[in-house]
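[1] The sequence and its predicted three-dimensional model are supplied below.
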Amino acid sequence: MKWTEEALREMEKVPGFVRKMAKSAVEKLAREKSVDEITVDLVQETKDKYFSMVSGKNKEEKKTTKVAVVRCNIVSEVCPGVGCLRAFNNRKVHFEQYGPDTELIGFFTCGGCSGRRVSRLVEKLKNYDLDVLHLSSCMCMDLEDYQKCPFKNQIKKVVAAKGVKVVEGTHH
Ligand code: SF4
C-alpha cells in the first residue's frame, strides 16, 4: 500500500517494538475505509483509536490503592494519630510497600470493644473501593500504658470476610 512521506515520518515516532503492529493497524483501517494512500491523518486516526484502547487498559492495571486505618477507641483518648498519619505520608514502616499515588481514604476508631464500628465503616469504605485496612500499631502491640487489642483476630476476620486485605500495624 502507498504511504505519503509525511505518514511514514509520523510512523517513525512509534516505538520500534510496536511499529510493525501499528503499521498493520493503519493499513487495516485504510482497507476498511477503502483508502489507497495512507496519509498522516489516517496514521493519527489509527493512533487515537488503537492507543486509547491500550492506555485505557494501562489505567486499569495501574489502579490506585485505597488504604484506611482503624485504631483503638481507648487509645484515641490520648493519641491524635500523628504517628499513623506520618508513617503513611512518608511511606514508612508498614506503609513502605505503597507507591506515591496510594490514597488514605479513611482513618477511624473502632468504636469501642469489641470493635463495634469496624464492620459498618468498612462496608461504607467499600463504596469508595477500599483495598487494604491497616490495624493501628496500638491495636497490635503490648506497650507500656496499654495492651494489644484482645479482639484483634475477631476484627481481622470480620474485615477479611468483606474481601478487604488486612495489615497489622502502622508506625511500629
Ligand atoms: S476493640 Fe480493641 S481496638 Fe477497639 S477499643 Fe477495644 S481494645 Fe481498643
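    That came through, no problem. Predicted, not measured: the structure shown is a model, and the values here were computed from it.

[2] Please see if the strand or helix carrying Lys124 touches the ligand.
    Take DSSP states H and E as the rule and Lys124 turns out to sit in helix 118-126. No. Judged by C-beta under 6 Å from any ligand atom, helix 118-126 makes no contact with the ligand; its nearest approach is 8.1 Å. Every residue, glycine included, has its C-beta placed from N, CA and C.

[3] got a list of what the spatially most central residue of the chain touches?
    Closest residue to the average C-alpha location of the chain: Thr64 at 2.0 Å, with C-alpha atoms, centre = their mean. Thr64 makes contacts with 101-103, as judged by C-beta atoms under 8 Å, 6 or more residues apart in numbering.

[4] near the ligand, which residues of the protein show up?
    Along the chain, the residues adjacent to the ligand under the rule C-beta under 6 Å from any ligand atom are 72-74, 110, 112-115, 139, 149, 151.

[5] which ones among the residues you listed are found in helices?
    Judged by DSSP state H, helices contain the following of the residues of the chain next to the ligand: Met139.

[6] With neighbour count and pLDDT added, can I get the residues of the chain next to the ligand in TSV?
    Below are these laid out as TSV (neighbours: other C-beta atoms under 10 Å; pLDDT from 0 to 100):
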residue	neighbour count	pLDDT
Cys72	24	96
Asn73	17	96
Ile74	16	94
Cys110	24	98
Gly112	11	97
Cys113	12	97
Ser114	13	97
Gly115	23	97
Met139	25	97
Cys149	26	97
Phe151	17	98
